[in-house]
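> sequence first, predicted model second:
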Amino acid sequence: MQADLVVIGAGPAGMAAAATATEAGLSVVILDEQARAGGQIYRDVTRSAARRGDILGQDYSAGLPLAAGLEQPSITHVTRATVWQIAPDGAVAYSVDGRGAIVHGRRVLLATGALERPMPVPGWTLPGVMTAGAGQILIKESGVVAGRAVLAGSGPLLYLIAAQMVRAGTPPLALVETQSRRDTVAALRHLGGALRGWRYLVKGLSMLAEIRRAGVPRYTAASDIAVAGTDRAEALSFVAGGKRHRIACETVFLHHGVVPNMQAARSLDIPHRWNAAQACFVPETDPWGRTEIPNVFIAGDGAGIGGAKAAEQAGRLAALEAARDLDRISADARDRAAAPVRAALRGELAVRPFLDRAYPPYAAALQPADATVVCRCEEVTAGDIRGYAALGCKGPNQTKAFGRPGMGPCQGRYCGLTVVSILAAETGQGMDETGYYRVRPPLKPVTLGELAAMEETPAEDPAVMAADGR
Amino acid sequence: MLSDYAIIGGGVVGLSVAWGLLRRGRSVTVLDGGDGSFRASRGNFGLVWVQSKGMNQPRYARWSQQSAAAWGDFAAELGEATGRDLGLEQKGGYDLHFSEETLQQTVEKYETLKAKLGGDYPFEVLGHNALRKEEPHIGPKVVGAILHHQDGHANPLRLLLALADDVRRRGGRVITGQTVTDVEKRDGAFRVACADGATVEAGKVVLSAGLGAMELGPKLGFKAPIRAQRGQVMITEKLPRFINRPSLIARQVDEGGVQIGATNEEVGLDDSVTQPGLSGLAAEAVAAYPVLGRAQLVRSWGALRVMSPDGLPIYQESVTTPGAYLVTCHSGITLAAVHGHILPSWLEGAGDAPDLEVFSEDRFAVS
């Protein structure tokens, strides 16, 4: 299979890019892991907006037109596709229902979005603890709302899920936030931008009001957060207002922001740099989303956190440049089409500096206590990482070799940032200098049978000799 | 501070030598690279292997045998000192064959070598049915195997960790994150300069920098005719034990995953992983053990072998700069025991030093 543009991920960036690209005359293949378009933010929107739109809110239903935009003959939407390898020449290997295939894209757009920042606090690996995003997936896909749940961490997504739980008639037992008044005051420096993005502020304030009306207790500047329990989560314990609190519960939703999902870009060795304001690594791209590999683009939260609306605009920009690049539209036509898109993008991003400063990550989860597990797959603790630093490890690939963090099925997605933060603190190096995991295929697990079935005589690649193990 | 030895390269080869020197009471400073350096020590297959080595040079076969024999004590000593299990298992290993013809050809070569080794080359040929008794999951396409009783495998990453740990514990100085830019000898002492301005002074220098010796070697008067050869390797999810003995195709590691390898590719300093490479490895592994078809691949990597023209190690004292030694090989795991136990006496010029003449650079034409 071949396409002018292969888009990986059918969230807002990928859906908008596909529609824009096809308008400009490109053939598009869009690969996505889910059964229906939408990504995380608009997950299952084509089914759930009608049924549960009242709970999920208007912003959720905004995904409907984007999903509808994929219904065009020149767009092939491959659902339930797991992409496990991307080659720099545009060959994208994926599997559907246990069968591997390759699609060659003349241009490739990585629109793989964001991940929730891991929040390793004592007890976070107990059953009953999940990310707020996982709680939202339950609501979107199944209409299931966890009862007797506590929300802890920071950021607008916590308000959103709390408000959705309130609307569903199952309010959370408490909202435990880690940001402090100091953060709020510091964020006021960015009030100008925030006022330009006033719609977000209004939305945030109205969600807070909704949560307050429902009588949900709210704590801020919480510290020393731990999940208590022996076989499963039984309570959330924390200090707030100079007092220790313990809230008995069955479910704990943890969340302290989202970070770019770097796996695809890292697997292509695309350079990244540390963004201190967002406390995450961000791939280096030009204003169109083009990376150091000229045929590979990144758009949406995967290129830096901007939210769904910004992702949509960034997807359009990348598609326009890909079309120009493949001589389907002129540079003039591209720039004319891009001008309103850029203006909209600027508007969407205006509120970011305020949000980033107002809701910083929970500091204690960036430098967890020695006993806290940081790599869940291989059960490696923060103390283990510090021990490897004492043995001379300067970066995460050395600790991976020494103690296996990052070797498990999650491919290091959930421990990478924590391991690098710990190492940077131990060695005194910066985050960029400390580096990140060398991400290798498979990006998602694939069976050997699928791989073996794809073996062809590699006549076009003389470099690959018989794999005879000698 | 003047060390007896500066070891350039803190991989398995450099650390094994450093460990052995410390054991002899010498002081050492090890200079190691950064997180992103090419590191065969991090990407190798983990075999402690004798068969197929030294087909044309019995001394190399002997050297490998000597190391395999010493590995038990070596692993026990390191394990005791550091509390880390090196996962050593030496109950034989296979060369699996998919055709009678290649099996027969290999057996003939082994017989020739066995004669040169005075009969000390304990292998046996297993036909498909005999092999199936040993390995119930072997596939129908495997016609037979050579079982060599001196073969085995270990956990190479735990070896690396235990060495890094015990070298420090024994008082070795290890400086990581360094790029050595220059080495010079003045007034009988070596001065090793690093990119960040750090310098180390030592009475002798061992160059065990893997592919890094390509650049540093000539500065010390070595030919260092080495090149990179890529091996792609992959590993499955953790599985219940079903492979009894390791082979060149697959081995089940002590943590449970099945490690599958490796390609041999002449692609220079490119350590990437390719879909054709992975598919080829998967196809062969599934042919050998069909049950692997259902196993999930969780990781793959490319690593660069440190190859000399004839594949043998190079042990050479510099002719132009005496006191500088080149120590390089592509079998750093197998040879770790002799590098720790025996090579130091050669570096020291001791009376019990092994004869390593055949591994000198004299065998290479002037480059």
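Structure received.
> need the residues of the stretch 251-367 of chain B near chain A, please.
Residues of the stretch 251-367 of chain B found near chain A (CB under 8 Å from any CB of the partner chain) are B:255, B:260-267, B:273-286, B:292-302. The C-beta positions use only the backbone N, C-alpha and C, and glycine is treated the same way.
> could you redo the last one with a cut-off of 6 Å?
Applying CB under 6 Å from any CB of the partner chain, one finds that the stretch 251-367 of chain B approaches chain A through B:262-265, B:267, B:273, B:275-284, B:286, B:292-293, B:295-298, B:300-301.
> and residue A:289, its phi and psi?
phi 90, psi 10 (degrees, to the nearest 10).
> just the element for the residue lying closest to it once chain neighbours are set aside, please.
Nearest non-adjacent residue to residue A:289, counting by CB to CB, 6 or more residues apart in numbering or on different chains: residue A:318, 3.9 Å away. Using DSSP states H and E, residue A:318 falls within helix A:308-325.
> state the mean pLDDT of that helix.
Averaged across helix A:308-325, the pLDDT comes to 97.
> any idea which helix or strand comes after it?
helix A:331-349.
> for that next one, packing partners?
Counting contacts by 3 or more CB pairs under 6 Å, 6 or more residues apart in numbering or on different chains; DSSP states H and E, helix A:331-349 is packed against helix A:308-325.
> the helix holding residue A:318 vs helix A:331-349, what angle?
Counting by axes from the mean of the first three to the mean of the last three CA atoms, to 10 degrees, helix A:308-325 lies at 170 degrees to helix A:331-349.
> just the buried residues of helix A:308-325, please?
Residues A:308-325 are the ones in helix A:308-325 that count as buried (16 or more other CB atoms under 10 Å in any protein chain shown).
> ok, now stretch A:124-143?
A:124, A:126, A:128-133, A:135-136, A:139-141.
> what is the most widely separated pair among those residues?
Greatest spatial distance among the buried residues of stretch A:124-143 (CB to CB): A:126 and A:140, at 24.3 Å.
> ok, back up a step: what does the helix holding residue A:318 contact?
A:5, A:12-13, A:16-17, A:20-21, A:24, A:26, A:41, A:107, A:109, A:288-289, A:297, A:299-301, A:329, A:331, A:334, A:337-338, A:341, A:344-345, A:348-349 (CB atoms under 6 Å, 6 or more residues apart in numbering or on different chains).
> hmm, which helix or strand of chain A has the shakiest average pLDDT?
helix A:45-56 (a mean of 78; mean pLDDT, DSSP states H and E).
> for that helix, C-alpha coordinates in CSV please.
Output in CSV follows, covering the C-alpha atoms of helix A:45-56 (Å, rounded to 0.1, in the frame of the first residue of the first chain):
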residue,chain,number,x,y,z
VAL,A,45,-17.3,10.5,19.6
THR,A,46,-19.3,9.1,16.7
ARG,A,47,-21.2,6.8,19.1
SER,A,48,-21.0,8.5,22.5
ALA,A,49,-21.8,12.1,21.6
ALA,A,50,-25.4,11.3,21.0
ARG,A,51,-25.8,9.0,24.0
ARG,A,52,-23.6,10.7,26.6
GLY,A,53,-23.1,14.2,25.2
ASP,A,54,-24.9,15.8,28.2
ILE,A,55,-22.3,14.3,30.5
LEU,A,56,-19.2,14.7,28.4
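> that helix - contacts with which helices or strands?
Looks like helix A:45-56 contacts helix A:63-68 (3+ CB pairs under 6 Å, 6+ apart).
> quick check, pLDDT for the residue nearest to residue A:140 when sequence neighbours are not counted.
Of all residues not flanking residue A:140 in the chain, residue A:43 sits nearest, at 4.5 Å (CB to CB, 6+ apart). Note for residue A:43: predicted pLDDT of 85.
> how about low-confidence regions in chain A?
A:456-470 (pLDDT under 70).
> go again with 80.
Scanning chain A for pLDDT under 80 picks out A:48-58, A:140-145, A:456-470.
> how near is the residue nearest the centre of it to residue A:122?
Centroid check for chain A by CA atoms, centre = their mean gives residue A:114 as the closest residue, at 1.3 Å. Plainly put, residue A:114 is 25 Å away from residue A:122 if you go by CB to CB, to the nearest Å.
> quick one, domains of the chain?
No chain in the question, so chain A it is. Under the assignment automatic domain parsing, the domains of chain A span A:2-115+A:259-329, A:118-256, A:367-434.
> um, chain B though
Domain ranges of chain B: B:2-49+B:157-225+B:310-364, B:93-149, B:227-307, per automatic domain parsing.
> switch the ones you listed over to TSV; also include mean pLDDT and mean neighbour count.
Shown next, in TSV, are those (pLDDT from 0 to 100; neighbours: other CB atoms under 10 Å in any protein chain shown):
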stretch	mean pLDDT	mean neighbour count
domain B:2-49+B:157-225+B:310-364	96	21
domain B:93-149	98	16
domain B:227-307	96	21
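> export those to JSON lines and tack on distance to residue A:206?
Formatted as JSON lines, the domains of chain B follow (distance: least, CB to CB, whole Å):
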{"stretch": "domain B:2-49+B:157-225+B:310-364", "distance to residue A:206": "47"}
{"stretch": "domain B:93-149", "distance to residue A:206": "62"}
{"stretch": "domain B:227-307", "distance to residue A:206": "45"}
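> between these, which one is nearest to residue A:79?
domain B:227-307 (21.1 Å).
> name the SS class of the spatially closest residue to residue B:358 that is not a sequence neighbour, please.
Among residues not flanking residue B:358 along the chain, residue B:59 sits closest, at 4.6 Å (CB to CB, 6+ apart). At residue B:59 the chain is in helix, as set by DSSP: H, G, I helix; E, B strand; the rest coil.
> number of nearby residues for residue B:59?
When neighbours are counted by other CB atoms under 10 Å in any protein chain shown, residue B:59 registers 16.
> can you tell me how far it sits from residue A:122?
58 Å.
> try residue A:175
Taking CB to CB, one finds residue A:175 at 20 Å from residue A:122.
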